[in-house]
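A.B. asks: For reference, the sequence and a predicted model appear below.
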Protein chains: 2
Amino acid sequence: MTKRVFNFNPGPSTLPLSVLEKIQGELLDYRGSGMSIMESSHRSPQYDEVNESAMALTRELFGLSDDYHVLFLTGGASQQFAMIPMNFLKQGQTASYVDTGTWSAKAIKEAQVIGETHVAFSGKAGEYKHIPVDDELDVPANAAYLHITTNNTIKGTQFHHTPKVGVPLIADMSSDIGSMQRDHARYSMIYAGAQKNLGSAGVTLVAMRDELLQQSNDSLPTVLNYKTQAGKKSLYNTPPSFPIYVMNLVLEWIKEQGGVAAVEKVNAQKKDLIYGMIDEHPNFFKGTVEEAGRSWMNITLRLPNEELEKKFIAEAKEAGLIGLKGHRSVGGVRISLYNAMPLAGAQAARDFMQEFMSRV
Amino acid sequence: MTKRVFNFNPGPSTLPLSVLEKIQGELLDYRGSGMSIMESSHRSPQYDEVNESAMALTRELFGLSDDYHVLFLTGGASQQFAMIPMNFLKQGQTASYVDTGTWSAKAIKEAQVIGETHVAFSGKAGEYKHIPVDDELDVPANAAYLHITTNNTIKGTQFHHTPKVGVPLIADMSSDIGSMQRDHARYSMIYAGAQKNLGSAGVTLVAMRDELLQQSNDSLPTVLNYKTQAGKKSLYNTPPSFPIYVMNLVLEWIKEQGGVAAVEKVNAQKKDLIYGMIDEHPNFFKGTVEEAGRSWMNITLRLPNEELEKKFIAEAKEAGLIGLKGHRSVGGVRISLYNAMPLAGAQAARDFMQEFMSRV
C-alpha cells in the first residue's frame, strides 16, 4: 500500500500528490504517444508542447511581459552564481550584493572570482537575523546590478518587499518563488532551482528582461552565455526534459489553485499556525530571527536545549513528520512549508509541537 | 490501455520497459520512505544509496579502478565541451581534437574560445565518412589532451578502436557508452549525456583519472571546476537526483543483462539485421559511410530519392516505428539502435525495410 508522510525537507521537498499521480499515470505512454515523456525527443511535438506551456505559465503566473525571456537551465542556483557575473560584470563596474546568509555569501564568492564586488548590506554581524530596508543598502553608482536572495532556507529569513534601486535588480528566488505575490516586473532577472517550490531537482528557471540579456558577454563559452538558450527557447542542446515536464505540471497546479495569490493565502495560514505557536510559547519555542524578516517558507526555531531538539526531531519523524532538523550549520529545528505542503501538514506540525511541549 | 511503440529517436530515446515500470511502481512511495525519490532530500539515506550505487555500477560495468572519479554533472556534453578546455588547457599547451562531425566540431569551437586549438584529424573534406586510424592522427607534442567523439549520431560513424597516443585521451561517449566493450582504462576521461544509452536527459556521466583531475584550473568559478564535485561525491549542490536515479536503474539493467559484453552481443545482432539489409540491397538502401567506421548505434542511409525517404519515414511511423528521420543537416533515414532497443525492434525495422522495398 502507498504510504505518504508529511515531508518538511528544505529541498528537494514535497510535491503535490495530484502531480505525482499524473506523472505516474502517463509514465509508460505519454498521452497516446506510445512512449514516456522521458523517452521523447526534445524536438518532438509532445515535448515542444511541454516547453511552450512551461514558458507561457511562467509568464502568466508571475505577470511577466514579453520583455522577459524565460529559460530552463541546469546546474542549480550555484551555476547562476557564476553565470551572472560572467555575463553581466564588466570592466569598470562593480557587482553589488546583499548578504543575508549562506546562499548570498556563495553568490558573492563567485562574483569575486570574476571582478570587482561590493557588499551593499551584510547581515553577518547581526547573525543574519535581519532583512535590510532600502535605507540600509549602499549600492555603488557603478553597480552592474544588485543581487538579493529573497528567502534564506538556512537562516529562516525572507524579503517581504522589493528593494527600490537605480540599477538592475537580480534575485535568487530558489526557495520562495511562487509562494507570495511580488512585483516581478521590478526585477531584471529572477532565478530559481526547481526543487523547492517548482518541482524536482535538475532544472533552474530563469526569467530576464531583454534589456539585461543584451548586456551578456559574448566572449564566453557558448553554454555559459545567456543568449545561447534565449535564442533557442532553451533547446540549444538537449534540455533536462523530464524535470521541465514536472515543473510544467507544478505550474499548472499553481494555476489550478487560483494562481500565486491563492497559494499565498494558504501559505499565510500555514505560517500563522507555526509562528502562532512560537509567539504563544516563547519560553519553549524560540524563533531565531527578527519578526519583520521571518520566512514563510522555512521557519527556524530553537527548543530549550539541544537534547529536547533531538528528541523533538526524532519523535516527529516517528509520527510521520519528516525533515524537521535545522541545517547542520545552525542546528535547531526547521519547518519548511513550501507551496506543496498542504494546510493539514502545517496543522499536524502545530499539533505535534503542542503535544510535545505539554508532555516533556 | 498502455500503448508502446518502437522508438528509434536519436536521443532522448527508448528506455527499458522494466526500468519504466519500476519507476512507475515506486513513484509515490519510494521503497517505504513515504515519499517519491523526487521529493527526497539529496542528503537523505535513500538518495545517498542511489548516488553510491550509480558510482559503484559505473566503475564495475566499465572496469574503472579507484583511480577514477565518477561524477554526475549537468548541462549535457555541450557543457563538457566548455569545461574540458577551461580546466585542462593551459598557457603554452595546445588542445588537440579529432573532428569526425557535428559534435566534434562543437567541442573544437569551445576550445578555441579558451586557448590554442589544433585539429589532429578532420573528416570534413571526406564528408565525415571515415574514422581515422592512429597513423592519420597528427597530435602536437605540447597537446594537453586528445579529444575524440566515439560515436557520431548525425553522421553515423563510430570508433571501433581506442587511439594509442602519448597524451591524455578524452572521449565524448554520449551516444555509445555501454554499448560495446572498450578498454576504458586507456581514457583519462570519458563523458556522456545520459539520454541515449544511460537514461533520461538532465545528467552527464563523467569519469576521470585522478591524475587528470589534479590538473584542473583552480581559478575557475566553483561549479565549473571538476574538483568541486569530485571532492563532494557530486553533492556540492543539489544534484539532478531523479535523472541520476533513472540512470542508476539503467546501469542495474545493464548488469542484469550480463554487463556490457552481453549488451554488446545483442547490439551486434541488431546492427547486423539492418546493415545486412543495406548490403544485400545496395541499389535501394545506400549506406552513407565507410564500412570500417559504421556506427552500431545510429545507422544512416539514403533511399533512391527524397520522395521515397519521406514515404518510408511516414509509413514506418504509421506502423509504430517512430523517429526514423535523418538529422535535418544530412537528410535521409537514421535508425538508432541504442542499448534499450530490443532485438524485436531491429527485426521490425528490417521487416519494414523489406516490405517497403518490395512494395514501392
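C.D. replies: Good, I have the coordinates.
A.B. asks: Give the bridge partners for residue A:73, please.
C.D. replies: For residue A:73, the beta-bridge partners under DSSP bridges are residue A:204.
A.B. asks: For it, give me its contacts.
C.D. replies: Residue A:73 is in contact with A:79-80, A:203-204, A:206, A:229, A:234, counting by C-beta atoms under 8 Å, 6 or more residues apart in numbering or on different chains. Every C-beta, even on glycine, is put in place using the N, C-alpha and C of the backbone.
A.B. asks: As TSV, these with neighbour count would be great.
C.D. replies: Converted to TSV, the contacts of residue A:73 look like this (neighbours: other C-beta atoms under 10 Å in any protein chain shown):
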residue	neighbour count
A:79	24
A:80	25
A:203	32
A:204	27
A:206	23
A:229	21
A:234	23
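A.B. asks: Mark which of the residues you listed are part of helices, please.
C.D. replies: A:79-80, A:229 (DSSP state H).
A.B. asks: Residue A:331 falls within a helix, correct?
C.D. replies: No: going by DSSP: H, G, I helix; E, B strand; the rest coil, the assignment for residue A:331 is coil, not a helix.
A.B. asks: about what we covered before: chain B: which of the contacts of residue A:73 is nearest?
C.D. replies: Closest approach to chain B among the contacts of residue A:73 (C-beta to the nearest C-beta): residue A:79, at 5.0 Å.
A.B. asks: Neighbours of the closest residue in space to the closest one that isn't next to it in sequence, how many?
C.D. replies: Nearest residue to residue A:79, sequence neighbours excluded (C-beta to C-beta, 6 or more residues apart in numbering or on different chains): residue B:223, at 5.0 Å. Residue B:223 has 24 neighbouring residues, counting by other C-beta atoms under 10 Å in any protein chain shown.
A.B. asks: Kindly report the same for residue A:245.
C.D. replies: 25.
A.B. asks: Would you mind listing the residues in contact with it?
C.D. replies: Neighbouring residues of residue A:245 by C-beta under 8 Å, 6+ apart: A:23, A:37, A:47, A:50.
A.B. asks: What pLDDT does the model give it?
C.D. replies: Looking at residue A:245, its pLDDT reads 98.
A.B. asks: That one falls within a helix, correct?
C.D. replies: Yes: judged by three-state DSSP, residue A:245 forms part of a helix.
A.B. asks: Against chain B, how distant is it?
C.D. replies: 10 Å (C-beta to the nearest C-beta, to the nearest Å).
A.B. asks: Just the ones of the contacts of residue A:245 in helices?
C.D. replies: Using DSSP H, the subset of the contacts of residue A:245 located in helices is A:23, A:47, A:50.
A.B. asks: what's the closest of those residues to residue B:181?
C.D. replies: residue A:47 (33.1 Å; C-beta to C-beta).
A.B. asks: Was I right to think that closest one contacts residue A:38?
C.D. replies: No: counting by C-beta atoms under 8 Å, residue A:38 is not a contact partner of residue A:47; they are 10.1 Å apart.
A.B. asks: Could you pull out the strands in the stretch 201-350 of chain A for me?
C.D. replies: For the stretch 201-350 of chain A, strands defined by DSSP state E, counting those that start in this stretch occupy the ranges A:204-209, A:286-287, A:298-302, A:321-322, A:333-336.
A.B. asks: Could you tell me which residues touch both of residue A:47 and residue A:38?
C.D. replies: Common contacts of residue A:47 and residue A:38, defined by C-beta under 8 Å, 6+ apart, comprise residue A:241.
A.B. asks: who has more neighbours, those two?
C.D. replies: For residue A:47 versus residue A:38, the count of surrounding residues by other C-beta under 10 Å is larger for residue A:38: 25 against 22.
A.B. asks: how much space between the more buried one and chain B?
C.D. replies: Separation of residue A:38 from chain B (C-beta to the nearest C-beta): 4 Å.
A.B. asks: on that earlier part again, can you add distance to chain B and pLDDT and give the ones in helices among the contacts of residue A:245 back as JSON lines?
C.D. replies: Putting those into JSON lines (distance: C-beta to the nearest C-beta, whole Å; pLDDT from 0 to 100) gives the following:
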{"residue": "A:23", "distance to chain B": "6", "pLDDT": "98"}
{"residue": "A:47", "distance to chain B": "8", "pLDDT": "98"}
{"residue": "A:50", "distance to chain B": "12", "pLDDT": "98"}
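A.B. asks: Just put the residues you listed in TSV and tack on distance to residue B:123.
C.D. replies: Listed next are those as TSV, based on distance: C-beta to C-beta, whole Å:
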residue	distance to residue B:123
A:23	42
A:47	31
A:50	36
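A.B. asks: Rounded mean pLDDT for stretch A:208-217, please.
C.D. replies: Mean predicted confidence for stretch A:208-217 is 98.
A.B. asks: Straight-line length of it, end to end?
C.D. replies: 15 Å (C-alpha to C-alpha, to the nearest Å).
A.B. asks: and it, does that touch chain B?
C.D. replies: No: using C-beta under 8 Å from any C-beta of the partner chain, stretch A:208-217 never reaches chain B; the gap is at least 11.4 Å.
A.B. asks: again, but for stretch A:106-115
C.D. replies: Yes: using C-beta under 8 Å from any C-beta, stretch A:106-115 reaches chain B at A:106, A:109-110, A:113-114.
A.B. asks: ranges for the helices of the stretch 201-350 of chain A?
C.D. replies: Listed in chain order, the helices of the stretch 201-350 of chain A (DSSP state H, counting those that start in this stretch) span A:210-213, A:226-230, A:241-257, A:259-280, A:306-318, A:343-359.
A.B. asks: mind listing what residue A:275 touches?
C.D. replies: So residue A:275 contacts A:287, A:294, A:299 (C-beta under 8 Å, 6+ apart).
A.B. asks: doesn't residue A:157 make contact with the second one?
C.D. replies: Yes: under the criterion of C-beta under 8 Å, residue A:294 makes contact with residue A:157 at 7.1 Å.
A.B. asks: neighbour-wise, which of the two wins?
C.D. replies: Of the pair residue A:294 and residue A:157, residue A:157 is the one with more neighbours under other C-beta under 10 Å, namely 27 against 22.
A.B. asks: Not counting its neighbours along the chain, what's nearest the more buried one?
C.D. replies: Here the residue nearest residue A:157, using C-beta to C-beta, 6+ apart, is residue A:293, at 4.3 Å.
A.B. asks: ok, now residue A:320?
C.D. replies: The shortest distance from residue A:320 to any non-neighbouring residue, by C-beta to C-beta, 6+ apart, is to residue A:5 (4.5 Å).
A.B. asks: Contacts only, for the one you found.
C.D. replies: A:320-322, B:33-35.
A.B. asks: cutoff 6 Å now
C.D. replies: Residue A:5 sits next to A:320, A:322, B:34 when contact means C-beta atoms under 6 Å, 6 or more residues apart in numbering or on different chains.
A.B. asks: For the residues you listed, which single residue is the most surrounded?
C.D. replies: residue A:322 (23 neighbours).
A.B. asks: Can you name the residues that contact it?
C.D. replies: By C-beta under 6 Å, 6+ apart, the neighbours of residue A:322 are A:5, A:7.
A.B. asks: make it 8 Å
C.D. replies: Neighbours of residue A:322 in contact, by C-beta under 8 Å, 6+ apart: A:5-9, A:316, B:34-35.
A.B. asks: cool, and residue A:118?
C.D. replies: For residue A:118, the contacting residues are A:94-97, A:138, A:140, A:143, by C-beta under 8 Å, 6+ apart.
A.B. asks: go on, residue A:355?
C.D. replies: Taking C-beta under 8 Å, 6+ apart as the definition, residue A:355 has no contacts.
A.B. asks: cool, and residue A:241?
C.D. replies: Residue A:241 is in contact with A:37-38, A:40, A:42, A:47, A:50, B:12, B:195, B:200-202, counting by C-beta under 8 Å, 6+ apart.
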